[in-house]
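Student: quick one: sequence plus predicted model below, questions after.
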2 protein chains.
Amino acid sequence: MNIGDVSRISGLPAKTIRYYEDIGLIRPLRGENGYRSFQDKDLHKLAFLGRARALGFTIEDCRNLLALYEDDGRESAAVKHIAEDHLARIDEKIAQLRSMRATLAELVNACAGDHRPDCPILNDLGHGDRPASDQLKKPAGNCSH
Amino acid sequence: MNIGDVSRISGLPAKTIRYYEDIGLIRPLRGENGYRSFQDKDLHKLAFLGRARALGFTIEDCRNLLALYEDDGRESAAVKHIAEDHLARIDEKIAQLRSMRATLAELVNACAGDHRPDCPILNDLGHGDRPASDQLKKPAGNCSH
DNA sequence: CCTTGACCTTCCAGTCACTGGAACGACTAT
DNA sequence: ATAGTCGTTCCAGTGACTGGAAGGTCAAGG
């Protein structure tokens, strides 16, 4: 199986699959022509990775989860620990976004959005009448790659 | 005013302030010694940027908002448009995270988390019994820089 | 005058998880 | 032989910083 087939089946871009090999998540064999030759095992792993990534696990999480997946002597506590950590990070992010959303919605609501220059949104950002920015620690959240 | 003072006042790291100059968001004067010399105007702009970033606006949004802020002839509709777009992006992200959260919480809940190897989390990721990964389009969401 | 230490400068590299593109080789069908 | 599709590698870019190295500047104290 060549990378194109695997890409179609798994839904992962070929680039991503090559990247996963680069960072050691999979180790497909090579044919005489130098092409990667994927086995069912690799396909399975890629599906695993796709699902884990879709749940927002980092690549490092995925690496650890994959190792646990292949370790028959694992303790489910280890897996649960990773998942719980991730759940907490997700909750944090949701809270952050909701706080942003609340402030922003208020401002948008207060703005006439017409041809005149008066704008409560700019007023807020400029003068900071309302406490629009309580926590500058983690302003992140806008990663639309 | 040197960069250190401005950093303390605005709460933005000096590195970030230099970066903002690099990408043309601010244009502080320079003293004879080569040090940046910040005026009230710069301080004001940085505060604006800090608040806009805290609300999750991208740097490009910030650039546009700043331009509108300084344009007396602006139409508030333009500002509102940027803010509404951003609000929509936030809502999308929240929805994505909530969907992840729901699936993940279910799995975590089903996992004993003990010394035994059986683990519903790994079962799901491995075999995909449950549809844990409906949308692979935007798996992102984990940008904890 | 010299040193210490805090401050400032620039520039380069790294982050995360890819993604785009160039330049080239391999295979398939006509 | 040729065209077109697939595969390969390698390099660079994304967003918004952040860390660190190597060096210049300044004020205070001895």
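Tutor: Yes, it's here.
Student: in what helix or strand does A:R101 lie?
Tutor: For A:R101, the host element (DSSP states H and E) is helix A:76-110.
Student: next SSE downstream of whichever strand or helix holds A:R51?
Tutor: Using DSSP H and E, A:R51 sits within helix A:40-54. Using DSSP H and E, the helix or strand that follows helix A:40-54 towards the C-terminus is helix A:59-69.
Student: where does chain A dip in pLDDT?
Tutor: A:129-145 (pLDDT under 70).
Student: hmm, try it at 50
Tutor: A:131-145 (pLDDT under 50).
Student: how's chain A carved up into domains?
Tutor: A:3-57, A:76-127 (automatic domain parsing).
Student: for chain A, which residue gets nearest to DNA strand D?
Tutor: A:G4 (2.6 Å; Cβ to the nearest atom of the strand). Just so you know, the C-beta spots here come from the backbone N, C-alpha and C atoms, and that holds for glycine as well.
Student: contacting residues for that residue?
Tutor: A:G4 makes contacts with A:A14, as judged by Cβ atoms under 8 Å, 6 or more residues apart in numbering or on different chains.
Student: quick one: buried residues of the helix or strand harbouring it?
Tutor: Assigned by DSSP H and E, A:G4 belongs to helix A:3-10. For helix A:3-10, burial by neighbour count (16 or more other Cβ atoms under 10 Å in any protein chain shown) applies to A:I3, A:V6, A:S7, A:S10.
Student: next, the angle helix A:40-54 makes with it.
Tutor: Interaxial angle of helix A:3-10 relative to helix A:40-54 (axes from the mean of the first three to the mean of the last three Cα atoms, to 10 degrees): 50 degrees.
Student: so is helix A:3-10 next to DNA strand C?
Tutor: No: with Cβ under 7 Å from any atom of the strand as the criterion, DNA strand C is not reached by helix A:3-10; the gap is at least 10.4 Å.
Student: quick check: next helix or strand after that helix?
Tutor: Later in the chain than helix A:3-10, the nearest helix or strand by DSSP H and E is helix A:14-22.
Student: mind exporting the C-alpha coordinates of that next one to CSV?
Tutor: Taking C-alpha atoms only, helix A:14-22 is exported to CSV below (Å, rounded to 0.1, in the frame of the first residue of the first chain):
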residue,chain,number,x,y,z
ALA,A,14,0.0,12.4,2.8
LYS,A,15,2.1,15.3,4.2
THR,A,16,0.9,14.5,7.7
ILE,A,17,1.6,10.9,7.3
ARG,A,18,5.2,11.6,6.3
TYR,A,19,5.5,14.0,9.2
TYR,A,20,4.3,11.3,11.5
GLU,A,21,7.0,9.0,10.2
ASP,A,22,9.5,11.9,10.6
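Student: just after it, pick out the following helix or strand.
Tutor: strand A:29-30.
Student: what sits against the residue nearest to A:V6 when sequence neighbours are not counted?
Tutor: In this structure, A:V6 finds its nearest non-sequential neighbour in A:F38, 4.8 Å apart by Cβ to Cβ, 6 or more residues apart in numbering or on different chains. Residues in contact with A:F38 (Cβ under 8 Å, 6+ apart) are A:M1, A:N2, A:I3, A:D5, A:V6, A:P28, A:L29.
Student: repeat that with 7 Å
Tutor: A:M1, A:V6, A:P28 (Cβ atoms under 7 Å, 6 or more residues apart in numbering or on different chains).
Student: try A:V79
Tutor: A:L65, A:L68, B:C111, B:C119, B:I121, B:L122.
Student: of these, which ones also sit close to DNA strand D?
Tutor: Applying Cβ under 7 Å from any atom of the strand to these, none is adjacent to DNA strand D.
Student: in JSON lines, list those residues along with neighbour count.
Tutor: JSON lines is the format used below for those (neighbours: other Cβ atoms under 10 Å in any protein chain shown):
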{"residue": "A:L65", "neighbour count": "25"}
{"residue": "A:L68", "neighbour count": "20"}
{"residue": "B:C111", "neighbour count": "22"}
{"residue": "B:C119", "neighbour count": "27"}
{"residue": "B:I121", "neighbour count": "25"}
{"residue": "B:L122", "neighbour count": "24"}
